[in-house]
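Asks: Kindly generate the corresponding structure for this input.
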Amino acid sequence: MTENSFIHRFEPATSAGSAPLLLLHGTGGDENDLLGLGRMISPGSALLSPRGRVLEHGMPRFFRRLAEGVFDENDVRRRAQELGDFVIEARKQYGIAAPVAVGFSNGANIAAALLLLKPEVLAGAILLRAMVPLSDPPAADLAGKPVLLLSGQSDPIVPASNSAKLAALLSHAAASVTHRVLPAGHQLSQADLTLARDWIGNVEAKAA
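Replies: Here you go, the predicted model:
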């Protein structure tokens with residue numbers, strides 16, 4: 001890995017045919033945060049879990065924000081490029097296919113940015129409590145890329161209109177979007193786990 005690398009964890013696949021997962025933590029998380037989630041939703045998958053390189057009051061994030069829900073969009077674009085380059089590098093080093101991103105909160109937002117800015121890097125994405133990452137996104141071609149967007153009905157951080165806008169944006173770019181609004185807040189629930197596991201099982205079955 002070059003100096004552009006991220007601090008990360010990698011767990012090799014234990015079963016053939018399981019899609020590799022790119023695990024992207026929320027604010028204040030790290031490279032260990034979502035490993036358990038990854039193992040639960042897709043046992044046997046290779047797991048690639050980087051730590052965000054931006055610090056906000058000492059808490060790792062994947063890009064800067066100006067305020068709650070207000071993103072530094074120049075930084076979003078730059079950090080998405082860096083993350084995309086890291087994934088390409090890691091694929092070569094570890095010999096894995098294009099991963100499905102599993103992102104929570106800030107991690108889901110950088111995953112959404114990655115879909116819009118470097119769509120070739122990801123095979124699909126599970127976006128947990130994601131927001132629209134860019135107010136003026138480029139015209140991406142996500143032809144048939146599977147995306148699961150799970151929103152919380154009473155999420156105090158992500159307005160329902162914002163997650164609906166993200167679903168529409170990705171659908172407009174021709175992604176195959178499943179958007180579910182759960183009776184939850186910003187934290188994850190058992191329903192998130194169950195839906196993510198079923199969804200990725202279907203994606204892998206179609207790819208087989």
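
Asks: can we go C-alpha only for contacts and neighbour counts from here?
Replies: OK.

Asks: Determine the longest helix present in the protein.
Replies: The single longest helix within the chain, with elements called by DSSP state H, is helix 73-94.

Asks: The chain: strands as residue ranges?
Replies: Counting by DSSP state E, one finds strands in the chain at the ranges 8-11, 21-24, 47-50, 54-56, 59-61, 65-67, 70-71, 100-104, 124-128, 146-152, 176-182.

Asks: other SSEs contacting the fifth one?
Replies: Looking back up the chat, that one is strand 59-61. strand 54-56 (3 or more CA pairs under 8 Å, 6 or more residues apart in numbering; DSSP states H and E).

Asks: hmm, who's touching the strand it packs on?
Replies: Pro60, Arg61, Phe62, Phe63, Arg64 (CA atoms under 8 Å, 6 or more residues apart in numbering).

Asks: Could you give the average pLDDT over it?
Replies: The average of the pLDDT scores along strand 54-56 is 96.

Asks: partners of that strand in the sheet?
Replies: As defined by DSSP bridges, the strand partners of strand 54-56 come to strand 59-61 (antiparallel).

Asks: So which residues make contact with the partner strand?
Replies: Applying CA under 8 Å, 6+ apart, the contact partners of strand 59-61 are 25-30, 51-55, 106-107.

Asks: Out of those, which comes closest to Ala143?
Replies: Closest to Ala143 out of the contacts of strand 59-61 is Gly107 (22.6 Å), distances taken as CA to CA.

Asks: any idea how far Leu149 is from the nearest residue to that closest one once chain neighbours are set aside?
Replies: Excluding the flanking residues, the one nearest Gly107 by CA to CA, 6 or more residues apart in numbering is Leu24, at 4.4 Å. Leu24 sits 15 Å away from Leu149, going by CA to CA, to the nearest Å.
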